[in-house]
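1. got a sequence here, can you build the structure:
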Amino acid sequence: KIYRTAAGYDLKVGEKVKSLGKIKEGLFSARYVTGVAHTVPRSDEDLLGGAISAALSKAESEGLESICIPAISSGVFGFPLTRCAEVHVESAVNFAKTAKTLKTITLMDFDKTAAAAFGDALGKITGAEVAK
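-> Residues are numbered from 1 along each chain as shown. The predicted structure follows:
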């Protein structure tokens, strides 16, 4: 499959693209931008966890120090948001235990409810106090 990026480039599955500047009107900058061209059925936690782990592993294999991951499949694909956030946090926490180059894993979403779900899941899973 080939996907067309917002900048108009053709991108094959598995390719990385070097960022040409700020993404989403200056909200953040990135060296690489990738997408998870993958939908996860509403109840397949293993598949969702695998997709997150694969993204983390790819970042590690590229020698990256940080990665930012959105709430994969929680929107139109209907994966229940609370459990989706928990799977993301569980995957990130487990990966961080053995990570070598990857120092920062940011779980974020432009949807405020999804972003808050990440904070709630982090508190539940790690016991960390999360500012609201």
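2. the helix or strand where residue 85 lies: what's the following helix or strand?
-> Assigned by DSSP states H and E, residue 85 belongs to helix 81-96. Proceeding N to C from helix 81-96, the next assigned helix or strand is strand 104-107, under DSSP H and E.
3. buried residues, the helix holding residue 85. List them.
-> 81, 83-92, 95 (16 or more other CB atoms under 10 Å). C-beta here means a position set from N, CA and C on the backbone, and glycine is covered the same way.
4. ok, residues contacting that helix?
-> Surrounding helix 81-96, the residues in contact under the criterion CB atoms under 8 Å, 6 or more residues apart in numbering are 45, 48-49, 52-53, 56-57, 69, 71-74, 102, 105, 107, 113-114, 117-118, 120-122, 124-126.
5. mind checking which of these are in helices?
-> The subset of the contacts of helix 81-96 located in helices under the criterion DSSP state H comprises 45, 48-49, 52-53, 56-57, 113-114, 117-118, 120-122, 124-126.
6. which of the residues you listed are buried, as a ChimeraX select command?
-> With 16+ other CB under 10 Å as the criterion, this ChimeraX line picks the buried residues out of these:
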select :45,48,49,52,56,114,117,118,120,121,122
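7. now the two most distant members of the buried residues of helix 81-96.
-> Across the buried residues of helix 81-96, no pair lies farther apart than 81 and 95, at 21.2 Å, counting by CB to CB.
8. got the angle for the helix holding residue 85 vs helix 112-126?
-> Angle, helix 81-96 to helix 112-126, by axes from the mean of the first three to the mean of the last three CA atoms, to 10 degrees: 50 degrees.
9. rounded mean pLDDT for helix 81-96, please.
-> For helix 81-96, the mean pLDDT works out to 94.
10. also stretch 118-128?
-> 91.
11. CA atoms only: put that stretch into CSV for me.
-> The C-alpha trace of stretch 118-128 is given here as CSV (Å, rounded to 0.1, in the frame of the first residue of the first chain):
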residue,chain,number,x,y,z
PHE,A,118,-3.7,8.4,29.3
GLY,A,119,-3.2,10.3,32.6
ASP,A,120,-5.8,8.2,34.4
ALA,A,121,-4.3,5.0,33.1
LEU,A,122,-0.8,6.1,34.1
GLY,A,123,-2.0,6.8,37.7
LYS,A,124,-3.8,3.5,37.9
ILE,A,125,-1.0,1.3,36.5
THR,A,126,2.0,3.0,38.1
GLY,A,127,0.5,4.7,41.1
ALA,A,128,2.0,8.0,39.9
